[in-house]
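K.L.:
sequence and predicted structure, then a few things I'm wondering about:
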Amino acid sequence: MKLPNYDKAYISERKLLDYLLSETHPIGKSKAKFLRSIGFSESNLDALERGLFSIAQSKEVIELVKTPYGTKYVIDGEVQTPKGTAVKLRTIWVIEVGEDIPHFVTAYPR
């Protein structure tokens, strides 16, 4: 199955800057270290965002987890890096209860 309403998926710039690329975030810093090592940074944030959207829009959901707060969708795919290679990422998206727009939660290497 595809991510419901994938064409309306949303990624907060703050989530990318203050979490995924933050070298000081308690949880995000290990992801930032990885993403920065493959060439992603504040200067090419749009490339990371495009890659994450591409996964959400083109790949199949591999796991669905219902919680009291909404439904989490796990989607694996590849992202082209600024260094010219492709890396496999697992992405997590959520559609909160009462909503229909998927929001990006996190990504990490596979």
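P.N.:
Sure, I can see it. Since the structure is predicted, the reported quantities are computational estimates derived from the model, not experimental observations.

K.L.:
every contact and neighbour count from this point should use C-alpha atoms.
P.N.:
Fine.

K.L.:
which positions within stretch 29-49 qualify as buried?
P.N.:
For stretch 29-49, burial by neighbour count (16 or more other CA atoms under 10 Å) applies to 29-32, 35-36, 38, 40-41, 47-49.

K.L.:
compute the first-to-last residue distance for that stretch.
P.N.:
18 Å (CA to CA, to the nearest Å).

K.L.:
same question for stretch 60-75.
P.N.:
End residues of stretch 60-75 are separated by 6 Å (CA to CA).

K.L.:
can you list contacts of that stretch?
P.N.:
For stretch 60-75, the external contacting residues (CA atoms under 8 Å, 6 or more residues apart in numbering) are 1-3, 55-56, 59, 76, 90-97.

K.L.:
related to what we said a few turns ago, what is the nearest of the buried residues of stretch 29-49 to residue 11?
P.N.:
Among the buried residues of stretch 29-49, residue 49 lies closest to residue 11 (CA to CA), at 7.4 Å.

K.L.:
run the chain-centre distance for stretch 90-101.
P.N.:
12 Å (CA atoms, centre = their mean, to the nearest Å).

K.L.:
just the mean pLDDT for that stretch, thanks.
P.N.:
The average pLDDT within stretch 90-101 is 98.

K.L.:
ok, now stretch 48-61?
P.N.:
Per-residue scores along stretch 48-61 average to 97.
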